[in-house]
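A.B. asks: Below is the sequence, then the predicted model.
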Amino acid sequence: MTWLSKEYNVTCVAQCGFSNWDIARTLKRNPSRIVLCNLTSWARISQHPKIRDHSMNLVQQEGEAIRELQNLELAKQYVASQPDPLKIRETNKKIAQRLVAQYPHTYFWSSFPEYEHFSGVSWIPLERENDMYTSVKCTGCHFTYQGNEWIFNHMKQVVDSY
């Protein structure tokens, strides 16, 4: 969200590939009056070396399969059907629930299908502008230029409403 820094006094603390556990640690270390938080896929593992190294194979295989599907409904079905021997999805879901409860003044959003009916999180799939669900050329964060522009304008409205 560094593009918001052009119009607002904001700090981006996001890191590419973070799990919800990593996001929770970042929020705890960086308290702020207004927080825009993009929650991640429940299949994403932590960047913490001890956790990441233990489960990287499973998540890489799953991510590659979802990308190959290039379809939102198939991606949902695939994720729901996969075994979770390391409880990655369960842990990320519980952390997302805890974050929503702990940070009531935070705007939580996600483009990942797990959040379609998740209380307290705005689900913004931008299906036609998202390289997770269709074959498009993304310019960053899974979105096309138009998708990123839509997110920018939407987040400006969110910030202005605070």
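C.D. replies: Arrived safely, thanks for sending.

A.B. asks: Only C-alpha atoms from now on, for both contacts and neighbour counts.
C.D. replies: Will do.

A.B. asks: mind listing the helices for this protein?
C.D. replies: Using DSSP state H, the helices of the chain run over residues 20-29, 49-69, 72-81, 88-102, 145-161.

A.B. asks: Lowest mean pLDDT across the ones you listed, which one is that?
C.D. replies: With a mean of 55, helix 49-69 has the lowest mean pLDDT of the helices of the chain.

A.B. asks: Now do the same contact list for the closest residue to Tyr115 other than its chain neighbours.
C.D. replies: Nearest residue to Tyr115 in three dimensions, chain neighbours excluded: Trp123, at 5.7 Å (Cα to Cα, 6 or more residues apart in numbering). Residues in contact with Trp123 (Cα atoms under 8 Å, 6 or more residues apart in numbering) are 109-113, 115-117.

A.B. asks: make it 6 Å
C.D. replies: Neighbour list for Trp123: 109-111, 115-116 [criterion: Cα atoms under 6 Å, 6 or more residues apart in numbering].

A.B. asks: now, among those, which is nearest to Met155?
C.D. replies: Using Cα to Cα, Trp109 is the member of the contacts of Trp123 that sits closest to Met155, with 10.1 Å.

A.B. asks: That closest one and Lys87: what is the separation?
C.D. replies: 23 Å (Cα to Cα, to the nearest Å).
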